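> Just the structure for this:
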Amino acid sequence: MTIGYVALHCDIGKEVHVYERIVDTSHVKEASIVMGLYDIICKIEANTAKELEYTVMKIRKIPHVRTTMTLLTL
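From the prediction side, this is the model:
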């Protein structure tokens, strides 16, 4: 199993819209709106690194997502 965390920076005022789209994305196990440099953080669990990469790419295409930072666990 491959696990990663993705921190997202969203357009101002669009955090809830993005959050609602993320929680419906396959392989996303947890998501939270947070305060600070990033607006949302989510946990992704996938069978392979390729599946995880595909999921991150889907998240990056959600409208109002400005930037992402992906952290892979060891």
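> Please identify the buried residues of stretch 65-74?
Going by neighbour count (16 or more other Cβ atoms under 10 Å), the buried part of stretch 65-74 is 65, 68, 70. Heads up, the C-betas are built off the backbone N, CA and C, glycines and all.
> was I right about residue 69 contacting residue 7?
Yes. When contacts are counted by Cβ atoms under 8 Å, residue 69 is listed as touching residue 7 (4.6 Å).
> Residues that sit against both of the two, list them.
residue 38 (Cβ atoms under 8 Å, 6 or more residues apart in numbering).
> what mean pLDDT does the longest helix that the chain contains have?
Assignment by DSSP state H gives helix 49-60 as the longest helix of the chain. The pLDDT scores in helix 49-60 average 97.
> now for the helix or strand just after that helix, which elements pack on it?
Going down the chain from helix 49-60, the next helix or strand is strand 65-72, by DSSP states H and E. Packing partners of strand 65-72 (3 or more Cβ pairs under 8 Å, 6 or more residues apart in numbering; DSSP states H and E): strand 2-10, helix 49-60.
> Name the residues that touch strand 65-72?
2-11, 18, 38, 49, 52, 56, 59-60.
> same deal with stretch 37-48?
By Cβ under 8 Å, 6+ apart, stretch 37-48 touches 1-10, 15, 18-19, 22, 27-34, 52, 54-56, 59, 69.
> PyMOL command for the buried members of the residues you listed?
In PyMOL, this line selects whichever of the contacts of stretch 37-48 come out buried by 16+ other Cβ under 10 Å:
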select buried, resi 2+4+6+7+8+10+15+18+19+22+27+28+31+52+55+56+59
